[in-house]
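Engineer: okay, predicted coordinates and the sequence, questions at the end:
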Amino acid sequence: MATLDSSIVNIALPSLTKNLVSDLSVSRWVVIIYLLVISCLLLPFGKISDLYGRRRLFVTGMSVFTFGSLFCALSPSLNWLVVSRVVQAIGASMLMANGPAIITAAFPSHELGKALGTMSMVVSIGLVSGPALGGFLISHFGWPSIFLINIPVGILGIILVLRFLNSDVTSLLAARKKGFDWAGAFLQTVIIIMLMFLFDPPSLTMSGGNPFTLSRLLAAALVIVFTGIFVKIEATTENPILDLGLMKNQMFWAGNLAGFFNFIAYSSAIVMLPFYLEEVLHLSTRQAGLYMTAIPVAIFIVAPISGRLSDRFGSLELSVAGALVGSLTLFTMSGAIGPGINENSHTALNVTLLSLIGLGMGLFQSPNNNAIMGSVPASKLGVASALLATVRNVGMVTGTGLSTDIFAVRMDATHDFVSSVHWACFFGGVVGAGALVASLIKGRGPISARAGIMKEKQAWFGNRKKES
């Protein structure tokens, strides 16, 4: 539900603009505010879950998200809808911050890849299937239905969490007494907002005047300044929101870097290909949506398999293979390898290329997540899980902003739509190659090392159970 609602609203914007009597410049905040709030709250909620319990925060998130969905469906105006989306995003951030941590704690090391592979499959399908599902619901039941559908699912989710998710009463009383890192939480929020403005600058208006775009140079300078302050605070505070000691773990930081590059490349394809299908091949929105389902279908099949394989053989070869397949596919689409996609491309070729994008993502994501989460001590699973989701969100925003910028610049210079798509795909291929290099730096992730960490987790959770 949480990842689906980050994409399902896109196709509803025309209906929202018309029914709530607004314009696109205002209604697009229904999409932006959701992603922005989630990205800013993931790390704080990850830290809170480590201190006060993941089950408690997860069921709270499910409840807040469900109520937020009801408020969205009942919103009488666009302003109320934006406020309701903030409520919904608060709940979604609690869910996203805790999912991988709960799974990592629950499964033994030899099954962790399989479990995270299933989760990767669900996350990716939620991100990609939103427009198709949203189009169906809106055409048959109106725009409120895309929010109402969450309510029965959310209620069922709350029941299942209360029934099957074990209580995890935390023993970190000393850490709680040190207090919450409010300064770190504020600074990471500012950094994330400035990063988003850096790659996708908004047009701002003051007092009804002409809109102006926030300078990217200013955004970059603010990112550098606030990151320096953030690192200094986190290195000296007693209970930091982000333990910088995790960054000494090569598998952790290189895996997150590889994931960041991979999601930039992935989102470059996701945002450009619908334009190619509709504007170049002249397909209807419904037909384009059917073509795009090749990506989640491939992920659905491959992600659990690659997760299982990573349990047996480690993550190195699978992560490298996934990044390589994705990068080569984007280079093929761009014309760097072969003629590239164009108005004469056959259906079989287009479906094959889309399937290969999904194949690369499925091969890469599960083993990479397995290596990252398997390298983290049990007491820091919440923060690691939250950072994993933050990297995904910021990577997708970055890829969307940069690829559309490259497309627009090329389009202005040549007025050649196909060539502009090629340049955006080539950019994605280059960044995908960066994910390959980062995966090589990350290393294999030996099963013996993960087994040792699993013993630490079992001892830690055993102590908590005794206290409870």
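Structural biologist: That came through fine.
Engineer: which residues are contacting stretch 81-96?
Structural biologist: Contacting residues not belonging to stretch 81-96 are listed as 1-3, 5-6, 16, 20, 29-30, 33-38, 41-42, 45, 49, 57-58, 60-69, 71-72, 75, 147, 386, 389 [Cβ atoms under 8 Å, 6 or more residues apart in numbering]. To be clear about C-beta, it is placed using only N, CA and C from the backbone, and glycine gets the same treatment.
Engineer: what mean pLDDT does the lengthiest helix in the chain have?
Structural biologist: If you go by DSSP state H, the chain has its longest helix at helix 381-414. Helix 381-414 comes out with an average pLDDT of 82.
Engineer: for the following helix or strand past that helix, packing partners?
Structural biologist: Toward the C-terminus, helix 381-414 is succeeded by helix 417-442 as the next helix or strand (DSSP states H and E). Packing partners of helix 417-442 (3 or more Cβ pairs under 8 Å, 6 or more residues apart in numbering; DSSP states H and E): helix 250-275, helix 316-334, helix 347-374, helix 381-414.
Engineer: one more time with 6 Å, if that's ok
Structural biologist: Packing partners of helix 417-442 (3 or more Cβ pairs under 6 Å, 6 or more residues apart in numbering; DSSP states H and E): helix 250-275, helix 316-334, helix 381-414.
Engineer: and the shortest one, what's its mean pLDDT?
Structural biologist: Which is helix 316-334. Mean predicted confidence for helix 316-334 is 92.
Engineer: tell me the gap between the host helix or strand of I151 and the middle of its chain.
Structural biologist: Per DSSP H and E, I151 falls inside helix 150-164. Computed by Cα atoms, centre = their mean, to the nearest Å, the chain-centroid distance of helix 150-164 equals 22 Å.
Engineer: what is that helix packed up against?
Structural biologist: Helix 150-164 packs on helix 54-73, going by 3+ Cβ pairs under 6 Å, 6+ apart.
Engineer: tell me the helix or strand right after the helix it packs on.
Structural biologist: helix 78-106.
Engineer: where does the stretch 251-400 of the chain dip in pLDDT?
Structural biologist: Confidence mapping of the stretch 251-400 of the chain against pLDDT under 70 gives the ranges 285-286.
Engineer: got the contact list for V223?
Structural biologist: 194-195 (Cβ atoms under 6 Å, 6 or more residues apart in numbering).
Engineer: the helix or strand hosting it vs helix 381-414, what angle?
Structural biologist: Following DSSP H and E, the helix or strand that holds V223 is helix 216-236. Between helix 216-236 and helix 381-414, the angle comes out at 170 degrees (axes from the mean of the first three to the mean of the last three Cα atoms, to 10 degrees).
Engineer: and the nearest residue to S403 once chain neighbours are set aside, how far from W423?
Structural biologist: In space, and not counting its chain neighbours, S403 is closest to S268: 3.9 Å by Cβ to Cβ, 6 or more residues apart in numbering. Look at S268 and W423: by Cβ to Cβ, to the nearest Å, they are 10 Å apart.
Engineer: more crowded one of the two?
Structural biologist: Ranked by neighbour count (other Cβ atoms under 10 Å), S268 and W423 place S268 first, with 29 against 21.
Engineer: against I299, how distant is that one?
Structural biologist: Per Cβ to Cβ, S268 is found 17 Å from I299.
Engineer: coming back round to it: which outside residues touch the helix holding I151?
Structural biologist: Taking Cβ under 6 Å, 6+ apart as the rule, helix 150-164 contacts 1, 59, 62, 66, 69-70.
Engineer: just give me the least confident of those residues.
Structural biologist: Comparing pLDDT over these, the lowest reading goes to M1, 78.
Engineer: now do the contacts for it.
Structural biologist: Taking Cβ under 6 Å, 6+ apart, one finds 150, 153 in contact with M1.
Engineer: next, work out how far apart it and V64 are.
Structural biologist: 12 Å.
Engineer: for P304, give me phi and psi.
Structural biologist: phi -60, psi -40 (degrees, to the nearest 10).
Engineer: what's around it, how many residues?
Structural biologist: 21.
Engineer: was I right to think it contacts T118?
Structural biologist: Yes - between P304 and T118 there is a contact at 5.4 Å, judged by Cβ atoms under 6 Å.
Engineer: shared neighbours, these two?
Structural biologist: With Cβ under 6 Å, 6+ apart, P304 and T118 have no common neighbours.
Engineer: that older thread, output the helices and strands packed on helix 417-442 in CSV, with distance to L165 appended to each entry.
Structural biologist: Below are the helices and strands packed on helix 417-442 laid out as CSV (distance: least, Cβ to Cβ, whole Å):
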stretch, distance to L165
helix 250-275, 26
helix 316-334, 29
helix 381-414, 14
